[in-house]
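**Q** Quick check, what structure comes out for this input:
(chains A, B, C and D)
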Protein chains: 2
Amino acid sequence: MTNGSTDAAYAKTIAEIAAATGFSRTTVRFVINGQAERYRIKSETKKVIEDYVAAHGVAISHVARSLRTRRTDAIGLIVPDLANAFFASLTAELEIHCRRSGRVLLTASSQEDPEQEATAIAGLVERGIDGIVIAPCRSPGASRLSRAGRRLAVVVVDRAFPGSAWPTVVGDNAGVTAELTASMIATAAGAVHFLCACPDLPSIADRIAGFSQATAKAGFAHADRLIRTHASDTTEAGRALMRGFFGDGGRPPLAFICSSLLILEGALQEIVAAMGRLPPELLIGTFDYHPLLDAVPNRILSVRQDEKAIAEKAFDYLVAQMDGRPAQPLHVVVPGRIVNTASAVG
Amino acid sequence: MTNGSTDAAYAKTIAEIAAATGFSRTTVRFVINGQAERYRIKSETKKVIEDYVAAHGVAISHVARSLRTRRTDAIGLIVPDLANAFFASLTAELEIHCRRSGRVLLTASSQEDPEQEATAIAGLVERGIDGIVIAPCRSPGASRLSRAGRRLAVVVVDRAFPGSAWPTVVGDNAGVTAELTASMIATAAGAVHFLCACPDLPSIADRIAGFSQATAKAGFAHADRLIRTHASDTTEAGRALMRGFFGDGGRPPLAFICSSLLILEGALQEIVAAMGRLPPELLIGTFDYHPLLDAVPNRILSVRQDEKAIAEKAFDYLVAQMDGRPAQPLHVVVPGRIVNTASAVG
DNA sequence: CTGTTAGCGCGTTCAG
DNA sequence: CTGAACGCGCTAACAG
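**A** Numbering: from 1, shown residues only, chains lettered A, B, ... in the order given. All right, here's what the predicted structure looks like:
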């Protein structure tokens, strides 16, 4: 409406700016990309173009650029479930790194389903992402990641499936679980049970190993008797696992560890449903943290992963690959730590 | 390694397949896109191409396609904070719709910061997303959404800033808050306080209006005395708001409502920090749901938004715009409902 | 009927 | 400071 050329309301393409100012597309591009000096564009020319841009705006098509440069400055992230606070936090951290480096993060979730994972990977790869961070729900060797793109950078996080060809960044699991278990056995002066989803996931297998080790060390003969597993990591699975105790006509274990917040949520719901409340003497251990844990009156020991450090490492590895630098250590374990919730003092 | 042409390990482009099979790119494309019959490709030809594809794989460049079709089959989502369970759930629901319709969802978060929001919008728009669903952190008129792209579909969710030019899908706020407040006043037989982040957000303003209305109706003279606000929606803000009560040398209010889970988390943490535990007589109201609420022994009334319905409506509106169909009602309010947590029976 | 040719879209690149 | 080719899938027009 204001000017006469095309559509006044919208930003202009390089070709439009070139046509309007009478310079070539190349010249316009140099000015817009801040390379005016490098290519000795006359300052007067520069000003004309800059003024036009200031008045009308530019709309660089990243799509066209990507076609040529074979880069999208986009990286993908595939997580099993955003409802899991650990992954939500990891996502937020990775986004910070992306924004800082002028990239965008494309997040997709697999809902722990290999098919959805495959769909998500395909969708992102087709769109030319430069790299991908993935917490795979199956061994990634089986996925189509390898055939995906000519040069796709890949970093696996959280789940170190054996034989993975890609750099892997995981939180500590075996060590910290052993520590947690030992501490709880000492406090409870008795057996500690382990409610555990997805025992086939490497991260969970490590937790089981840590648990078994600490249990054996404390003198319990049959560690596996204390472990109950479920195939899926959901609130419902947590309820089912806890229901197992009530089903035996019994009571909940006095001390137990849940392999994830979702399992814990379900387990607690089931106890409340069955008993009307949480027995105050219950000693609880869990992985990952949520602020609401502080409002639960029971003593809770939580293993906090360092999402920030994991995200940073993963991002570094990704950038290293994209730059052609091979990542030095192919496997990094980021230590976690055990914290008491606020109510634990009571 | 296996074949001789280019790189054995990777899927082939249309041009590569054409060169290898001896047909033209157009023919190959027809077969690959399942249009062989429509364009009467000889079935023998079709088989040759299909066999080659089966053996080597195809790698359609969505980037090149987008350049031509001016569609990316990608839609963007901008949320203030993924740590907020409401937005995490909304994201998951939208992703389902995208997958079903062969699109990908690109999620970015603004951390409630207008600048980050602008960066995120720009990043997505530059990459040619077909539409965007946004829970804006400021009035979106001020944002650059309007100048963004020639034809970007936009739907605003959760926050209906006045005068918005775009279709808006929000949860009910005023009505359900009035209901919640009235119910809590009746139960507590006394005043109910409202701890409230971001009072300038339209969704929160509606909640304040509902609260004030119910409070006035119940005969409380100065509703605004019962409302305390904080500029940001974080756990820390919740702690600060609750600290206000203790600062007066007082005790926490016997009945209070928090405008979000984050505020609630902070408020509860602060009470636990100050008193060592949550007084069991505390009556609590909050917005949005988290499974861990069920493990808090106090009676909690939670307003649950219907993320599924919100996501569905928003997606419908988006698709309608992308198809050139104008969305009929420009503003939809999805009803919420009040639920008791499991412990509320006690 | 069966398939091909030519150019488009738009930012990038490099020889002029 | 410019011109022309390039990347790769899409589409209309066209030949055998």
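**Q** all helices in chain A, in order from the N-terminus.
**A** A:14-21, A:25-32, A:43-56, A:62-69, A:85-100, A:114-126, A:145-148, A:174-188, A:202-217, A:235-247, A:261-275, A:307-322 (DSSP state H).
**Q** Can you say which of these is packed in most?
**A** helix A:261-275 (a mean of 23; mean count of other C-beta atoms under 10 Å in any protein chain shown). (Each C-beta comes from the backbone N, C-alpha and C, glycine too.)
**Q** rank the helices of chain A by mean pLDDT and give me the bottom one.
**A** Here the lowest mean pLDDT among the helices of chain A goes to helix A:145-148, at a mean of 61.
**Q** near DNA strand D at all, stretch A:19-27?
**A** Yes. Looking at stretch A:19-27 against DNA strand D by C-beta under 7 Å from any atom of the strand, the contacts come from A:22, A:23, A:24, A:25, A:26, A:27.
**Q** Between the helices of chain A, which one is closest to residue B:328.
**A** The closest of the helices of chain A to residue B:328 is helix A:114-126. By C-beta to C-beta, the value is 30.3 Å.
**Q** any bit of that closest one sitting next to DNA strand C?
**A** No. Counting by C-beta under 7 Å from any atom of the strand, DNA strand C is not contacted by helix A:114-126; separation bottoms out at 14.9 Å.
**Q** tilt between that helix and helix B:85-100?
**A** 80 degrees (axes from the mean of the first three to the mean of the last three C-alpha atoms, to 10 degrees).
**Q** Any residue of helix A:114-126 touching DNA strand D?
**A** No. Helix A:114-126 is not in contact with DNA strand D by C-beta under 7 Å from any atom of the strand; minimum separation 9.5 Å.
**Q** and that helix, what other elements does it pack with?
**A** With contacts taken as 3 or more C-beta pairs under 8 Å, 6 or more residues apart in numbering or on different chains; DSSP states H and E, helix A:114-126 sits against strand A:74-79, strand A:104-109, strand A:131-134, helix A:145-148, helix B:85-100, strand B:104-109.
**Q** would you turn those into CSV with distance to residue A:16?
**A** CSV is the format used below for the helices and strands packed on helix A:114-126 (distance: least, C-beta to C-beta, whole Å):
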stretch, distance to residue A:16
strand A:74-79, 25
strand A:104-109, 25
strand A:131-134, 33
helix A:145-148, 36
helix B:85-100, 32
strand B:104-109, 27
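**Q** Out of the helices of chain A, flag the one nearest residue B:91.
**A** helix A:85-100 (9.3 Å).
**Q** by how many degrees do that closest one and strand B:104-109 diverge?
**A** Counting by the same axes, to 10 degrees, helix A:85-100 lies at 80 degrees to strand B:104-109.
**Q** mind saving the C-alpha coords of helix A:85-100 as CSV?
**A** Taking Å, rounded to 0.1, in the frame of the first residue of the first chain, the C-alpha atoms of helix A:85-100 are listed here in CSV:
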residue,chain,number,x,y,z
ALA,A,85,11.0,-33.7,33.7
PHE,A,86,14.5,-34.9,32.9
PHE,A,87,13.9,-34.6,29.2
ALA,A,88,12.0,-31.4,29.4
SER,A,89,15.0,-29.9,31.2
LEU,A,90,17.4,-31.4,28.8
THR,A,91,15.4,-29.8,25.9
ALA,A,92,15.5,-26.4,27.6
GLU,A,93,19.2,-26.6,28.1
LEU,A,94,19.9,-27.7,24.5
GLU,A,95,17.8,-24.9,23.2
ILE,A,96,20.0,-22.4,25.0
HIS,A,97,23.1,-23.7,23.2
CYS,A,98,21.3,-23.6,19.9
ARG,A,99,20.1,-20.1,20.3
ARG,A,100,23.5,-19.0,21.3
